[in-house]
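[1] What would the 3D arrangement of this be:
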Amino acid sequence: MSKTELFRGSWDIPLNSQGVLDALTVGSRTKNKWDTIYHSDLVRTTRTAKCVAKYSPQAQLISAPKLRPMHLGSLEGKPVTDSRIKEMNDYILKTPDKPLPGISSKSGEKGESLNQFKNRVLGLFKKLESKTSKDERILIVTHYRDLRLIQSWLDKGEPDDLSINLKMFTTKGPEKPADLFWFDKDDREFVKSENAYENGLFLMRHGSTSANA
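    Model (predicted):
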């Protein structure tokens, strides 16, 4: 893996060999567990979902573009530095309706505002949670910033206006590539999982790429 982390966002970067191995490991540990696997339409999440589904061939794979990470504009592809993190967080904290500036040199996508990101990701998460029955196992394969966003909204008390714990969202979290979490509907929190013994809704970060540190 790269020793320098790069901003990813809408950059359609593939898994590296370790990312594929980690995704296959999760698939093996959760063999025949999944009914449906949702994933963002980027190649790194799609490949992760397919690696997991290799061991659960009964699972329906559904591509969900709304699960993309926040589009980071001109930051994408650049090394992650303290100054660039501050630049990004200033937009998030001070101007949540203003898109991050520039167009990605890696994807051609414009930057996105915090509120645009919140509306599409949290809207879909609420929908998927509401339709998941107690007898199903549903997996959402998504991105680091999506996981932080959902957790930050849950921590805030799940307000209807989709406001979030901004400090949590802008603080580096512990979620690693290929980490799997069960969503505890009673305690309204993520619980790290190895084998998906429980029924319900699960979320997974895609495997590692060459842009991960």
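
[2] only C-alpha atoms for contact and neighbour calcs from this point on.
    Fine.

[3] ok, residue 6 - contacts?
    By Cα atoms under 8 Å, 6 or more residues apart in numbering, the contact set of residue 6 is 76-80, 211-213.

[4] and the closest residue to residue 189 other than its chain neighbours, how far is that from residue 16?
    Among residues not flanking residue 189 along the chain, residue 183 sits closest, at 5.8 Å (Cα to Cα, 6 or more residues apart in numbering). In this view, residue 183 and residue 16 are 27 Å apart by Cα to Cα, to the nearest Å.

[5] quick one: which of those two has more around it?
    Using other Cα atoms under 10 Å as the criterion, residue 183 and residue 16 rank with residue 183 on top: 20 against 17.

[6] Surely the more buried one touches residue 191?
    Yes. Using Cα atoms under 8 Å, residue 183 is in contact with residue 191, at 6.3 Å.

[7] Using CSV, write out every CA atom in stretch 169-183.
    Extracted in CSV, the C-alpha atoms of stretch 169-183 (Å, rounded to 0.1, in the frame of the first residue of the first chain):
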residue,chain,number,x,y,z
PHE,A,169,-17.6,13.6,11.5
THR,A,170,-14.5,15.7,11.1
THR,A,171,-12.4,13.7,13.5
LYS,A,172,-10.4,10.7,12.1
GLY,A,173,-12.2,7.6,13.0
PRO,A,174,-11.0,4.0,13.6
GLU,A,175,-12.8,2.3,10.7
LYS,A,176,-10.3,0.4,8.7
PRO,A,177,-10.6,-1.0,5.1
ALA,A,178,-12.8,-4.2,5.1
ASP,A,179,-14.1,-3.6,8.6
LEU,A,180,-17.6,-5.1,9.1
PHE,A,181,-20.2,-3.6,11.5
TRP,A,182,-23.6,-4.8,12.7
PHE,A,183,-26.2,-2.1,13.2
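
[8] If you average the pLDDT over that stretch, what comes out?
    Mean per-residue pLDDT for stretch 169-183: 97.

[9] Touching it from outside, list them.
    Stretch 169-183 is touched from outside by 19, 22-23, 26, 89, 144, 148-149, 152, 189-194, 196, 198, 200-208, with contacts defined as Cα under 8 Å, 6+ apart.

[10] mind listing what's buried in it?
    Going by neighbour count (16 or more other Cα atoms under 10 Å), the buried part of stretch 169-183 is 169-170, 175, 177-183.

[11] what do you get for stretch 80-100?
    80, 88-89, 91-92, 96, 99-100.

[12] okay, among those residues, which ones form the most distant pair?
    Farthest pair in these (Cα to Cα) is 80 and 96. Separation: 20.9 Å.

[13] returning to what we had before: assumed the residue nearest to residue 189 was part of a strand.
    Yes. Using DSSP: H, G, I helix; E, B strand; the rest coil, the secondary structure at residue 183 is a strand.

[14] Using JSON lines, lay out the contacts of residue 6 together with distance to residue 53 and secondary structure.
    Shown next, in JSON lines, are the contacts of residue 6 (distance: Cα to Cα, whole Å; DSSP: H, G, I helix; E, B strand; the rest coil):
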{"residue": "76", "distance to residue 53": "29", "secondary structure": "coil"}
{"residue": "77", "distance to residue 53": "29", "secondary structure": "coil"}
{"residue": "78", "distance to residue 53": "32", "secondary structure": "coil"}
{"residue": "79", "distance to residue 53": "32", "secondary structure": "strand"}
{"residue": "80", "distance to residue 53": "32", "secondary structure": "coil"}
{"residue": "211", "distance to residue 53": "24", "secondary structure": "coil"}
{"residue": "212", "distance to residue 53": "23", "secondary structure": "coil"}
{"residue": "213", "distance to residue 53": "26", "secondary structure": "coil"}
